[in-house]
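Peer 1: Fold the following and give me the result.
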Amino acid sequence: MVQNRHVIGTLITGIVCLIAFVIWELKTTNKEPLVPMHLFKNTGWVASVLLLALGASVYYAMAIIWPSMVAVLYTNDGGASMYSGWLNCISGTLIVAG
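Peer 2: This is a model prediction of the structure:
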């Protein structure tokens, strides 16, 4: 449990800041708010935003984390650089095919 304090602290801080931002946006009377709260009544818009967020998280995981992981894990023996190159092509190929 001691090792996870920084993770839990970051999550709690982020949630509290998000709640404070929503309250601030609701209470202020700006002509042009950062996030117009009336948009959240439109379920089509909310679904699109959530799906775009999920797609972006998968894209960045496959574009940044997967190649880094392949470069570290699969390059120890001879000829592995070609194998890791082919593994790196998998995520891009699947994105294009999709």
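
Peer 1: What does the pLDDT read for the residue most central in space within the chain?
Peer 2: Residue closest to the mean C-alpha point of the chain, counted by C-alpha atoms, centre = their mean, is Ser57 at 3.2 Å. Looking at Ser57, its pLDDT stands at 87.

Peer 1: now swap in Asn42 and tell me
Peer 2: On the pLDDT scale, Asn42 gets 91.

Peer 1: Which residue ranges of the protein form helices?
Peer 2: Applying DSSP state H to the chain gives helices spanning 5-27, 43-60, 66-73, 80-97.

Peer 1: re the thing from before, contact partners for the residue nearest to the centre of the chain?
Peer 2: Applying C-beta atoms under 8 Å, 6 or more residues apart in numbering to Ser57 gives no contacts. C-betas here are computed from N, CA, C, even on glycine.

Peer 1: For Met82, see how far away it is.
Peer 2: Separation of Ser57 from Met82 (C-beta to C-beta, to the nearest Å): 30 Å.

Peer 1: What of Asn30?
Peer 2: Distance, Asn30 to Met82, using C-beta to C-beta: 56 Å.

Peer 1: go on, Ile19?
Peer 2: 50 Å.
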